[in-house]
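Q: how would this look folded up:
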Amino acid sequence: MNTQQYSSEMVTHSRAIERQITGRATSDGAGVKLTRLLSQDLQERLDPFLMLDAFGSDSPNDYIAGFPNHPHRGFETVTCLINGRMRHSDNAGHEGVLESGGIQWMTAGRGIIHSEMPEQQEGLLEGFQLWLNLPANAKMQPAGYRDVPDEQIPTLVTDNITLRVIAGASHGVTGAIQRAVTEPLILDVHLSAGTQFRQALAANLNAFFVVYRGEVSVAEQAVTTQNLVILGNNQDADGVIIDAIQDSRLLLIAGIPLGEPIVQHGPFVMNTRQQISEAIDDYQAGRFAA
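A: Numbering: from 1, shown residues only. Okay, here's the model as predicted:
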């Protein structure tokens, strides 16, 4: 484990919970069962984030068919695997195996065709996939891919808190991934019951979190699993204070909004309808990354 020294963050006035959204059961790929937590109707509110899906089942029939070859353009995907084993391969020549605790960061850019297939026949497969928008001037950049195994994710450990910094920086720890413009912050936070976690958040950031184990509260408002919690952008707040009611685990996510038009058609996210038409034409004509 890549552990680093603790440096506390001062938060004097916590953001409040704007609203809680219950995830919607759906399926994707070749029938993989998912819970969609962030959908298209929240894209402007939670800009630059486009989608967040949770998956978790110990029944192979719910996940074994996986996500065969499919295209993307115009954004990045971040897959956080809590439990299980999945193989990524794409037509840009990237290949890697994502295992428990690891993350996969893929830049679709101007176009990529990839697959994500379970490499286990039984047991629990659990994790999240987040879609992060790219600014207009970066949507047509070359495709990219990076795997970060569990042991390479910078981690802060105290008696009551384990903080895994996937992207951005927190409590003096620089995360595994850094991105300009949107400056995403992605934290995997593990809290013992009775522990309080404080995270500084600049006023210009859109922020939300999802509890995937236990129960927490913000400003005495309880939050349980399978809900996406939008944190308000009140200008007098300097961060968020989260209290663990039970032993809990959560993903806390924040970023700078792009403020650009968002046009999504399935696996393509661009700024105009014309660009979507071009993406479809390019994919059908075999002009994605090769």
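Q: what count of nearby residues applies to the nearest residue in space to residue 259 that is not next to it in sequence?
A: Computed as Cβ to Cβ, 6 or more residues apart in numbering, the closest residue to residue 259 that is not its neighbour in sequence is residue 47, at 6.9 Å. Any C-beta I mention is one placed from the backbone N, CA and C, and that applies to glycine too. The local packing of residue 47 (other Cβ atoms under 10 Å) involves 18 other residues.
Q: and residue 47, how far from residue 10?
A: 27 Å (Cβ to Cβ, to the nearest Å).
Q: isn't residue 111 right up against residue 70?
A: No. In this structure, residue 111 is not within contact of residue 70 by Cβ atoms under 8 Å, at 11.8 Å.
Q: looking at these two, which one has more neighbours?
A: The neighbour comparison of residue 111 against residue 70 (other Cβ under 10 Å) goes to residue 111, with 22 against 16.
Q: quick check, pLDDT for that one.
A: Per-residue confidence (pLDDT) for residue 111: 95.
Q: kindly report the same for residue 2.
A: Residue 2 is given a pLDDT of 68.
Q: which SS class is residue 156?
A: Assigned with DSSP: H, G, I helix; E, B strand; the rest coil, residue 156 falls in the strand class.
Q: which residues touch the residue nearest to it when sequence neighbours are not counted?
A: Computed as Cβ to Cβ, 6+ apart, the closest residue to residue 156 that is not its neighbour in sequence is residue 163, at 4.2 Å. Taking Cβ atoms under 8 Å, 6 or more residues apart in numbering as the criterion, residue 163 is in contact with 155, 156, 157, 170, 171, 173, 187, 188, 189, 190, 197.
Q: need these in JSON lines with neighbour count, distance to residue 276 and secondary structure, can you?
A: Output for those, formatted as JSON lines (neighbours: other Cβ atoms under 10 Å; distance: Cβ to Cβ, whole Å; DSSP: H, G, I helix; E, B strand; the rest coil):
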{"residue": "155", "neighbour count": "20", "distance to residue 276": "40", "secondary structure": "strand"}
{"residue": "156", "neighbour count": "20", "distance to residue 276": "42", "secondary structure": "strand"}
{"residue": "157", "neighbour count": "14", "distance to residue 276": "45", "secondary structure": "strand"}
{"residue": "170", "neighbour count": "24", "distance to residue 276": "36", "secondary structure": "strand"}
{"residue": "171", "neighbour count": "20", "distance to residue 276": "40", "secondary structure": "coil"}
{"residue": "173", "neighbour count": "21", "distance to residue 276": "39", "secondary structure": "strand"}
{"residue": "187", "neighbour count": "24", "distance to residue 276": "33", "secondary structure": "strand"}
{"residue": "188", "neighbour count": "21", "distance to residue 276": "33", "secondary structure": "strand"}
{"residue": "189", "neighbour count": "24", "distance to residue 276": "36", "secondary structure": "strand"}
{"residue": "190", "neighbour count": "20", "distance to residue 276": "40", "secondary structure": "strand"}
{"residue": "197", "neighbour count": "24", "distance to residue 276": "40", "secondary structure": "strand"}
